[in-house]
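Have a look; sequence and predicted model below, questions after that.
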Amino acid sequence: MTGSGDAAAARDAGTPGDSAAGGASGGSLRAWQRRALTKYLATKPRDFLAVATPGAGKTTFALRVAAELLADRTVDQITVVAPTEHLKHQWAASAARSGIQLDSRFSNSTGGTSGDYHGVVVTYAQVAAHPTRHRVRTENRRTLVILDEIHHAGDAKTWGDATEEAFGDATRRLALTGTPFRSDDSKIPFVTYEPDEAGFPRSRADHSYGYADALADGVVRPVVFLAYSGDAHWRDSAGEEHTARLGEPLSAEQTARAWRTALDPAGDWISAVLRAADTRLRQLRASGIPDAGGLVIATDQERARDYAELLEHIAGERPTVVLSDDPQSSQRIGEFAEGTQPWMVAVRMVSEGVDVPRLAVGVYATSASTPLYFAQAIGRFVRARRPGETASVFLPSVPVLLDLAAQLELQRDHVIGKPHREKNALDDELLIDANKTKDEPGEEEKSFVALAADAELDQVIYDGSSFGTATIAGSDEEADYLGIPGLLDADQMRALLRDRQTRQLADRSAAQESAPAPAAVAERIATSDKLGELRRELNSLVAMHHHRTGKPHGVIHGELRRECGGPPTALATADQLGERIAALRRR
C-alpha cells in the first residue's frame, strides 16, 4: 500500500476533489469546508453527518478528512460507498487527484485489492450482496467508511441492514448527503435522531450547508425555473375525450393524465418546450458560456429516444443519449462532460453526484415528483464554475413541481413516521400507474390515448417568487425571458425579471387599447381551433402508426417532415398539417 506520506502530501496540498465542487485547489478550502473540517478534527467523532447542497464540494471535504486520518494514522484504509457504478469511478478519479488511491474495480468475488491502494470504492448494492465480506475487511484494519448519499441506506431495508452489518465496527464513519431525506419508517444507519416539536424522530446533521447559504457565498448558480402550462387533450378507456389545463386546480388523476399528455413526444407541448430550451441554451452559449450544455431528463427509454429525435431536428445535432442498460453510459457521460456538445438526454442516469459542471439548461420531462428526486435532478445544474453563471430549468406547470421549485432553498431532514407530502398532493404511485405499460397487448392504448397538448410559458420562478404572466410559446414575450443574459448575479437576475414582468404588463395594457375588431378576433380564434383540430388528428394517426410499426412517435413525425417538408408540428400551417395527415392515411 502507498505510504501515508502520500496522504499527508494530499492534505498539505489540498484536495481538488470533484471539479464541480472546486474550492480546494491550491491548498484552499471553501469556508464551509474549513468550518466542517475544524469541527471534525476538534471533536474526533466516530460518526459524522455532513449535509451540503449539490455542487458545494462534499467530495472535497470528505477526501480532506480521509487525508488527515491517514496522515495521523487514525485509520489504515478507506472504504467509500457510493450509490452507482458511475460514481464509484468518479470518486476514485477525484481521490487520485488528491494523492489517495482507491480501487473502484474491487469485487465481492475476489474480496481483496492491491497493497498499492489506500482503500476501495463500492456501491450500496455491492455491500448488500455480501455484507459479511465487507465486515471482515472493516474488522481487519482500522477503517474510515465514507457513506456517500447516505439516504440510499434507507431506500430498502436490506440495504440499510447490510450497511449496518458491514460497517458496524468501523473506526470512523463519515456520512454525506446533498438532497432532502424522504419521510418513512426506516431509520438510516449511523445517523443520529432527536425528537422534533411533534415528537417524531428527526435526523440531526453535524454540519449543514444549504442551497441558500451556498447561493449567498457564490458557491452554486442561481436557478431560474420556466414553468409551461397548456391545454392537454386525451381519450380514456371508455372512448370519452377530456381536456384539462396544466397548472389549474385538478384532481390527482386529471393532473397525472394532463402531465403525461404534455410529455407525449408526439404532442406540441414537449416540442415547444424543447425548442424554447434550445433557444435558451444558444443564448447562454452566445453570451459568455460557450460550452454550456443542456440535459433532458426523460421518464423512460422510449421517450428518451423520441426526445433525442426531436432535439436533433431542433438543434441540428444529435444529442448524447444515456440509457441505464447501455454499458457505455458512464463513458458517454464522461465524454459529454469533457466536450462541447449542446445536448444530452438521459433516464435517471445523470443523477446525484454525477459531475457535469457545464450543464446550465435542463428540461424536467419526467413524471417523478418526490422532493428527493427533484432535488437530485436540479442538483445537476447548480454547480458554479465562475461568478455570474446561471441555470435555467424548464418544467411542466404542475402544482407539486411548482411548490418544489419555490422551496428549493428549504432544508429538510429525515423524519420517521411523518408524511413528507400534504394529504391532497399528487402521489408518485398514481403517476407511475398512469405511465406504465400494461401487460396485455393493446391495453395501454385502450386505457389512455394522449391526443394533443399545446404549450404556454405560465410563469418564471426565481428565489421563491413568481414573475411574468402566461404567454404562448414562440411569442415575443417568451423570447424576452429566454433571452436573459447568461452571466448575472442573484440581485441582477431578480431585478431583470422584475423589469421583464413590468414591460410585459405594460405591453399588454397598450395592446388592449388597440385591440382588433371583434371580427378579426373571431377569425384568429377560428384559425387557432382549426390548427388544434388538425394537430389532434395528426397525433392520433401517428399514435396508430406507432402501434402498428413500433417506430417512436418522434421518428414518424420526422419522416413526415422529410416527406412533406415544413417545420415541426407546432409551427406547421393548416395546409402542411393536412399534407402530413394525407401521407399517413396513404400508408
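Ah, there it is. Numbering: from 1, shown residues only.

Could you pull out the helices in the stretch 51-200 of the chain for me?
Secondary structure of the stretch 51-200 of the chain by DSSP state H, counting those that start in this stretch: the helices cover 58-71, 85-97, 124-129, 131-140, 157-167.

who does the shortest one touch, helix- and strand-wise?
Think helix 124-129. Contact partners of helix 124-129 among helices and strands, from 3 or more Cβ pairs under 8 Å, 6 or more residues apart in numbering; DSSP states H and E: strand 77-82, helix 157-167. In this view, the C-beta of every residue, glycine as well, is placed from N, C-alpha and C.

now with 6 Å?
Using 3 or more Cβ pairs under 6 Å, 6 or more residues apart in numbering; DSSP states H and E, the elements in contact with helix 124-129 are helix 157-167.

per-residue confidence averaged over the helix it packs on?
Regarding helix 157-167, the rounded mean pLDDT is 90.

Now do that helix: everything it contacts.
124, 127, 128, 131, 134, 135, 138, 145, 153, 154, 186, 189 (Cβ atoms under 6 Å, 6 or more residues apart in numbering).

which one of the residues you listed is nearest residue 323?
Residue 323 lies nearest to residue 124 out of those, by Cβ to Cβ, at 21.6 Å.

Is it correct that that closest one is in contact with residue 154?
No. Contact between residue 124 and residue 154 fails when scored by Cβ atoms under 6 Å: they sit 10.3 Å apart.

between those two, which one's more packed in?
residue 124 (25 against 22; other Cβ atoms under 10 Å).

The helices of the stretch 51-200 of the chain: which one's closest to residue 537?
Closest of the helices of the stretch 51-200 of the chain to residue 537 is helix 85-97, at 43.4 Å (criterion: Cβ to Cβ).

circling back: same list (the contacts of helix 157-167) but as JSON lines, adding pLDDT and distance to residue 585.
Output for the contacts of helix 157-167, formatted as JSON lines (pLDDT from 0 to 100; distance: Cβ to Cβ, whole Å):
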{"residue": "124", "pLDDT": "93", "distance to residue 585": "53"}
{"residue": "127", "pLDDT": "95", "distance to residue 585": "57"}
{"residue": "128", "pLDDT": "93", "distance to residue 585": "54"}
{"residue": "131", "pLDDT": "95", "distance to residue 585": "61"}
{"residue": "134", "pLDDT": "96", "distance to residue 585": "62"}
{"residue": "135", "pLDDT": "96", "distance to residue 585": "66"}
{"residue": "138", "pLDDT": "96", "distance to residue 585": "67"}
{"residue": "145", "pLDDT": "98", "distance to residue 585": "64"}
{"residue": "153", "pLDDT": "83", "distance to residue 585": "56"}
{"residue": "154", "pLDDT": "73", "distance to residue 585": "54"}
{"residue": "186", "pLDDT": "74", "distance to residue 585": "55"}
{"residue": "189", "pLDDT": "91", "distance to residue 585": "61"}
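
which of these are buried?
124, 127, 128, 131, 134, 135, 138, 145, 153, 154, 189 (16 or more other Cβ atoms under 10 Å).

and which of these is nearest to residue 232?
Nearest member of these to residue 232, counting by Cβ to Cβ, is residue 154, at 35.2 Å.

List the contacts of the residue nearest to the closest one when sequence neighbours are not counted.
Distances taken as Cβ to Cβ, 6 or more residues apart in numbering place residue 188 nearest to residue 154, at 4.3 Å, with adjacent residues excluded. Applying Cβ under 6 Å, 6+ apart, we find residue 188 in contact with 150, 153, 154.

what about 7 Å?
150, 151, 153, 154, 160, 414 (Cβ atoms under 7 Å, 6 or more residues apart in numbering).

Am I right that the first one is in contact with residue 176?
Looking back up the chat, that one is residue 150. Yes. Proximity of residue 150 to residue 176 meets the contact threshold set by Cβ atoms under 7 Å, at 6.4 Å.

Look at those two and report which has more neighbours.
residue 150 (27 against 22).

so how far is residue 169 from that one?
Residue 150 is 18 Å from residue 169, where distance means Cβ to Cβ, to the nearest Å.
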